[in-house]
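Chemist: quick one, structure for this:
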Amino acid sequence: MPGFWVVKFTGNSDFYRMKRLFLDFASTTPLHPEVEAVMLDTFRNYPGNPSSIHEDGRRARFLIEESREKIASLLHKEPSEIIFTSSATESINTVLKSWFMRNLPGTSRFLTSPAEHHATLHTLKYLKEKGASVQVIQPDSDGIVSVFPVDSDTLVSLMAVNNELGSLLPSETVSTAQKAGALVHIDAVQALGKIRLDPFLSADFLSFSGHKFYGPRGTGLLVAKNGSELDPLLHGGAQERNRRSGTEATALIAGLTRALELALNNQESAYSEVYGLNRYLRQTLTAQWPAVTFNSPETGSPFILNFTLSTDPEEEIDSEALIMGLDAKGISVSSGSACSSGSWEPSHVLTAIGKTPYEAQTTLRVSFGPGLSREDLDRFTDTLVSLLIRMKASKNLI
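Modeler: Sure thing, here's the model as predicted:
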């Protein structure tokens, strides 16, 4: 992509002698070379514990606070609102469990949708078992929640960009809920560095994950608006202004900061390039496999394209077999969120928008990133259609 870098997946083993085609950027992204360089420098030159008062500790502390200020500036927030975590999952758990503990069962409620990430749904399921009131609002066929009842005793928790469909949360969601007196938590994992965050930055809480925008795995951000009540998920120290105990990972924080800078600097050109690739893949898939139906709305994030290949159970098309076949040809794609892969259960997001279990199990998700070309997408489409034809032929359906 203009201003970015080309991703190459090669290695010494026979498996990696072919050029890998990675089309699963929504699950994770490769570490940017500049981020890696920043982290290596920090590992070598900032050995101190940031809580120590000697020079090595002070230098590490200064670097962390400098990173906090830079991130705050990039997100148009105050440094005091930035909390470093290990992942978006930790950030989400912190917000939801803190709200529950501060508003004991019977005095408040949560509002969410069945198409959220499992980090939200599983946490709320756990809290419901402890007595929390959880209201689940059904999304429309595009996975969008646009109408929901809120009041001053509600914490709304929704994704800005659905991680399986790319659907966008309506821009007025945060302001509408806050005007009704509710608090709002936005899972912005698939949004940061990809789409405009302006409509969501006024939320009371925002969760981000570093490895979704070419930063290191094991890093996350939690933005908590000044004045918001927040109890720590982890106890044991006074780090992060008593909001997140544990010795800070100085090098990872430095890498996260550089990754965010790069992603936001390249956001406009990346969006434009990926939008064109998304449109092209829609066209080529439709031309070569007319039965395809697209679950990602055209108005959604172009970084994710989710599509169903069959609606006829007699065809017995199996996304697991397709993913393995594509993998054998050096192509990486997903059937849904990476956090649920391996179980091969129908995607909860697809069933939430009305897809049958069979349709959900014949669905693939392609997600875009730097270095891709139309030729790469042609390779994917040709390989996929070849596998589909072979699969149907084995069932004597063609």
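Chemist: hey, where'd the helices end up in the stretch 151-300 of the chain?
Modeler: Taking DSSP state H, counting those that start in this stretch to define them, one finds helices in the stretch 151-300 of the chain at 173-179, 239-242, 250-265, 267-288.
Chemist: what's the most buried one of those helices?
Modeler: Most buried of those, by mean neighbour count (mean count of other CB atoms under 10 Å): helix 250-265, with a mean of 23. Yep, even glycine has a C-beta here, placed from its N, CA and C like the rest.
Chemist: quick check: angle from that helix to helix 267-288?
Modeler: In terms of direction (axes from the mean of the first three to the mean of the last three CA atoms, to 10 degrees), helix 250-265 departs from helix 267-288 by 70 degrees.
Chemist: could you say what helices and strands helix 250-265 packs with?
Modeler: With contacts taken as 3 or more CB pairs under 8 Å, 6 or more residues apart in numbering; DSSP states H and E, helix 250-265 sits against helix 33-45, helix 55-74.
Chemist: okay if I get those as TSV plus mean pLDDT and distance to Ile331?
Modeler: Converted to TSV, the helices and strands packed on helix 250-265 look like this (pLDDT from 0 to 100; distance: least, CB to CB, whole Å):
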stretch	mean pLDDT	distance to Ile331
helix 33-45	98	23
helix 55-74	98	34
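Chemist: now those helices as a markdown table including mean neighbour count?
Modeler: Compiled in a markdown table, these are given as follows (neighbours: other CB atoms under 10 Å):
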| stretch | mean neighbour count |
| --- | --- |
| helix 33-45 | 16 |
| helix 55-74 | 17 |
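Chemist: now distance to Ser86 too, for the ones you listed, in JSON lines please.
Modeler: Shown next, in JSON lines, are the helices and strands packed on helix 250-265 (distance: least, CB to CB, whole Å):
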{"stretch": "helix 33-45", "distance to Ser86": "15"}
{"stretch": "helix 55-74", "distance to Ser86": "15"}
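Chemist: with only the CA atoms kept, save stretch 160-173 in PDB.
Modeler: These are the backbone C-alpha positions of stretch 160-173, laid out as PDB (Å, rounded to 0.1, in the frame of the first residue of the first chain):
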ATOM      1  CA  ALA A 160     -17.600  -0.100  16.400                       C
ATOM      2  CA  VAL A 161     -16.800  -2.600  13.600                       C
ATOM      3  CA  ASN A 162     -18.000  -6.100  13.800                       C
ATOM      4  CA  ASN A 163     -15.000  -8.400  13.600                       C
ATOM      5  CA  GLU A 164     -16.700 -11.000  11.400                       C
ATOM      6  CA  LEU A 165     -18.900  -8.800   9.100                       C
ATOM      7  CA  GLY A 166     -17.200  -5.400   9.100                       C
ATOM      8  CA  SER A 167     -20.600  -3.800   9.900                       C
ATOM      9  CA  LEU A 168     -20.300  -0.300  11.300                       C
ATOM     10  CA  LEU A 169     -22.100   0.900  14.400                       C
ATOM     11  CA  PRO A 170     -24.200   3.900  13.600                       C
ATOM     12  CA  SER A 171     -22.300   7.100  14.300                       C
ATOM     13  CA  GLU A 172     -25.000   8.500  16.500                       C
ATOM     14  CA  THR A 173     -25.000   5.500  18.900                       C
END
